[in-house]
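Peer 1: structure of the sequence below:
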Amino acid sequence: MKASDRSVSRGGVRHLTGLCLAGIGCLLLAGCELINPSWSRWEAFKTHFIQHDGRVIDRTDGARSTSEGQAYGLFFALVANEPDTFASILSWTTHNLAQGSLTEHLPAWLWGQRDDGSWGVIDANPATDADLWIAYTLLEAARLWDIPQYTIIADKLLAQVVQDNLVRADDGLTLLLPAPEGFDLDERGFRLNPSYFPEFQFRYFDHHQPSGPWDTLIQNHSALVISLAQAAGLAPDWLVYGPDGIAFPDGTEPQGSYDAIRVYLWAGLTPNSDTLDAVHGMRDLLQGRPRPPERVDVLSGDVLAEGSPVGFSAALLPYLNALGDDKLLEAQQLLIQAADRGGLLGDVPAYYDHVLSLFGEGQLDGWYRFDETGRIIPNWERSCWLIFGDC
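Peer 2: Okay, the predicted model is just below:
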């Protein structure tokens with residue numbers, strides 16, 4: 001394929017759609033995935049939550065911005081094939097969270113209005129999950145858009161994450177901390193967040209850096225989730241791994257809620273997930289109730305709070321689909337449809353509901369998927385393959 005043709009296949013979706021409609025360039029018209037409506041949830045998210053300069057805003061929590069939000073924004077911009085949106089989000093992240101250089105600094109996790117009324121970094125501690133999402137998405141953007149400099153930034157980020165967060169427990173188990181500061185509990189062990197470990201992502205890193213710690217990390221962290229799920233098939237928000245094995249942070253219940261919902265999401269998104277069957281408890285709890293519970297006791301299986309937000313339903317779509325439960329899947333889809341307000345969800349749109357929806361509905365509706373090695377297969381890449389046989 002010529003360079004000019006490649007640029008059309010990657011970025012000229014509107015032009016190729018026209019060819020399909022004219023009957024010129026798409027012989028397999030019925031299967032031409034270029035002919036589809038716009039991604040309305042993404043368009044609404046951009047309009048409501050992304051500032052023109054690339055700042056992703058959590059409007060339901062003090063108009064703050066987080067490295068997580070920036071990372072997810074990058075991912076969805078890549079899935080939507082919007083390199084300009086991607087570049088603006090990356091630029092804001094670099095200049096406002098990473099002191100102007102992601103090759104030298106991991107991004108601060110929290111930016112917003114300070115006590116004195118000024119705006120800027122509130123907490124400089126990096127969040128490992130966001131850092132890994134940024135690195136992962138940069139690597140995939142480098143591959144899909146042919147922008148090699150993104151690989152350079154990503155590799156620097158990965159090296160810094162490993163340097164700052166890789167630890168070894170007393171029994172020799174290699175683990176990855178949620179952040180450099182505050183999660184090493186000394187003799188009590190390490191505080192960990194299971195939702196920080198999407199299987200597909202660590203498979204991808206292992207293929208990208210076979211000599212790295214990635215396969216060991218995902219095997220170890222998945223084993224902790226599987227072991228704990230033997231109790232009730234549920235995942236916790238947080239756990240502590242120490243000399244006595246798995247415990248829970250002092251003063252907290254062994255609960256699963258707003259963090260843990262992503263464990264089910266990642267399991268559903270990962271082809272042949274190692275943890276999917278183990279975390280069957282959320283499906284079990286959906287039997288006989290209209291929506292997922294908001295909080296559960298992960299040891300007893302008891303429901304601690306009902307009435308979860310609509311984002312929980314969206315997060316469970318790939319999970320229920322992977323488990324083959326069409327009835328429960330359709331019930332959650334109906335809840336999402338009832339909450340839809342022209343692309344936004346709910347009367348007071350919440351950032352977290354929308355990112356969970358973009359992940360969950362986005363995959364189920366065919367906007368993207370992950371392959372066995374963790375690569376993103378976006379809708380637009382599959383479309384150009386149909387036409388050109390190479391992307």
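
Peer 1: so where's this structure shaky on pLDDT?
Peer 2: Within the chain, the stretches with pLDDT under 70 are 1-37, 383-391.

Peer 1: nearest spatial neighbour of the residue nearest in space to the middle of it, skipping sequence neighbours?
Peer 2: The chain has Tyr72 as the residue nearest its centroid, 6.1 Å off, counting by C-alpha atoms, centre = their mean. Distance criterion C-beta to C-beta, 6 or more residues apart in numbering; nearest residue to Tyr72, sequence neighbours excluded, is Val355 at 4.9 Å. The way it works is simple: take the backbone N, C-alpha and C, and place the C-beta from them, glycine included.

Peer 1: which stretches of the stretch 201-350 of the chain form strands?
Peer 2: Assignment of strands within the stretch 201-350 of the chain using DSSP state E, counting those that start in this stretch yields the ranges 239-242, 245-247, 255-256, 295-297, 303-305, 340-341, 344-345.

Peer 1: of all the ones you listed, which gets the most neighbours per residue?
Peer 2: Counting by mean count of other C-beta atoms under 10 Å, strand 255-256 has the highest mean neighbour count of the strands of the stretch 201-350 of the chain, with a mean of 25.

Peer 1: partner strands of that strand and their direction?
Peer 2: Here strand 255-256 is paired, per DSSP bridges, with strand 295-297 (antiparallel).

Peer 1: ok, residues contacting the partner strand?
Peer 2: By C-beta atoms under 8 Å, 6 or more residues apart in numbering, the residues outside strand 295-297 that reach it are 232, 234, 253-257, 281-282, 285, 302-305.

Peer 1: recalculate using a threshold of 7 Å.
Peer 2: Strand 295-297 is contacted from outside by Leu234, Glu253, Pro254, Gln255, Gly256, Ser257, Leu285, Asp302, Val303, Leu304, Ala305, using C-beta atoms under 7 Å, 6 or more residues apart in numbering.

Peer 1: farthest-separated two in those residues?
Peer 2: Glu253 and Leu285 (16.4 Å; C-beta to C-beta).

Peer 1: mind checking the strands of the stretch 201-350 of the chain for the one nearest to His208?
Peer 2: strand 239-242 (26.3 Å).

Peer 1: quick one, phi/psi of Phe183?
Peer 2: phi -120, psi -10 (degrees, to the nearest 10).

Peer 1: OK, contacts around it?
Peer 2: Counting by C-beta under 7 Å, 6+ apart, Phe183 touches Leu177, Phe190, Arg191.

Peer 1: if we can go back for a sec, need the three-state assignment for the residue nearest to the centre of the chain.
Peer 2: helix (DSSP: H, G, I helix; E, B strand; the rest coil).

Peer 1: ok, back up a step: buried subset of the contacts of Phe183?
Peer 2: The neighbour count (16 or more other C-beta atoms under 10 Å) marks Leu177, Phe190, Arg191 as buried among the contacts of Phe183.

Peer 1: take those residues and keep only those in strands.
Peer 2: Phe190, Arg191 (DSSP state E).

Peer 1: can you convert the buried ones among the contacts of Phe183 into CSV and add a column each for distance to Val121?
Peer 2: CSV is the format used below for the buried ones among the contacts of Phe183 (distance: C-beta to C-beta, whole Å):
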residue, distance to Val121
Leu177, 20
Phe190, 25
Arg191, 23
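
Peer 1: pull the number of nearby residues for the nearest residue to Asp274 once chain neighbours are set aside.
Peer 2: The shortest distance from Asp274 to any non-neighbouring residue, by C-beta to C-beta, 6+ apart, is to Ser222 (5.1 Å). Using other C-beta atoms under 10 Å, Ser222 has 19 neighbouring residues.

Peer 1: if I pick Ser222, what's in contact with it?
Peer 2: Contact partners of Ser222, counting by C-beta under 7 Å, 6+ apart, are Glu199, Asp274, Thr275.

Peer 1: and it, how close does it get to Gln209?
Peer 2: Separation of Ser222 from Gln209 (C-beta to C-beta, to the nearest Å): 19 Å.

Peer 1: what does Leu139 give?
Peer 2: Counting by C-beta to C-beta, the gap from Leu139 to Gln209 is 10 Å.

Peer 1: higher neighbour count, the two?
Peer 2: Between Leu139 and Gln209, counted using other C-beta under 10 Å, the more crowded position is Leu139 (23 against 15).

Peer 1: packing partners of the helix or strand hosting the more buried one?
Peer 2: Assigned by DSSP states H and E, Leu139 belongs to helix 128-145. In terms of contacts (3 or more C-beta pairs under 7 Å, 6 or more residues apart in numbering; DSSP states H and E), helix 128-145 is packed against helix 67-79, helix 148-165, helix 199-208.

Peer 1: ok, 6 Å please
Peer 2: Helix 128-145 sits against helix 67-79, helix 148-165, with contacts defined as 3 or more C-beta pairs under 6 Å, 6 or more residues apart in numbering; DSSP states H and E.

Peer 1: check which residues of that helix are buried.
Peer 2: Of the residues in helix 128-145, 128-144 count as buried by neighbour count, 16+ other C-beta under 10 Å.

Peer 1: tell me how far that helix lies from the chain's centre.
Peer 2: Offset of helix 128-145 from its chain centre (C-alpha atoms, centre = their mean, to the nearest Å): 11 Å.

Peer 1: residues touching it, excluding its own?
Peer 2: Taking contacts as C-beta atoms under 6 Å, 6 or more residues apart in numbering, the residues outside helix 128-145 that touch it are 67-68, 71, 74-75, 78, 83, 106, 148, 150-151, 153-154, 157-158, 161, 165, 178-179, 196, 201, 376.

Peer 1: show me which of these are buried.
Peer 2: Looking at the contacts of helix 128-145 with 16+ other C-beta under 10 Å, the buried ones turn out to be 67-68, 71, 74-75, 78, 83, 106, 150-151, 153-154, 157-158, 161, 165, 178-179, 196, 201, 376.

Peer 1: kind regards, and thank you for your time.
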